[in-house]
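>>> Mind folding the following:
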Amino acid sequence: MKHDEMIGKAQALAQLPDRGSAERAMDAVLRTLGERLPSGLADHMAAQLPASLGVCVHRAAESAALDGRDPSVGERFDLTAFAGRVAGRAGTTEDAALQETAAVFEVLDAALAPELMDKMAAVLPADIGGLLPSGRSQEL
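Take a look at the predicted model:
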């Protein structure tokens, strides 16, 4: 799936007013997801995305390394922290951030290999995984 198609789908699913809002939401979710996932899985995800979106995921790993964190295990945080980070980056409320995250996750589900989405569902905590499209989240 191409960059413009992914942004357009995210905009429609999240009912965002314009492409700029959809771009900010996509960037915020991908960066936050990149922080939460182990680096190997994040790298695999970035490789399957258009380069313009994959860089959002790579920024998270670079930031972790600069902060002295081990990106190979991913940073541990829950849905509240996830929503807060997305909201701060996208310039929106936490409730809107949850809606935008669910929309971006649905776009990722269509864009990435099913096996990769299954791995992502397996490593995310149940509260964040609950935002994945139906059938992807796993009960832990």
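
>>> alpha carbons only for contacts and neighbour counts from here, please
OK.

>>> can you tell me the average pLDDT over the helix or strand hosting Ala47?
Assessed by DSSP states H and E, Ala47 sits inside helix 39-48. Across helix 39-48, the average pLDDT comes to 93.

>>> buried set for that helix?
39, 41-43, 45-48 (16 or more other C-alpha atoms under 10 Å).

>>> could you give the mean pLDDT of the helix or strand that it is followed by?
Later in the chain than helix 39-48, the nearest helix or strand by DSSP H and E is helix 51-66. Per-region confidence: helix 51-66 scores 84 on mean pLDDT.

>>> Show me the helices in this structure, by range?
Counting by DSSP state H, the chain has helices at residues 3-14, 19-36, 39-48, 51-66, 79-90, 94-111, 114-123, 126-129.

>>> Quick one: closest of the ones you listed to Ser72.
Proximity to Ser72 (C-alpha to C-alpha) singles out helix 39-48 among the helices of the chain, at 4.6 Å.
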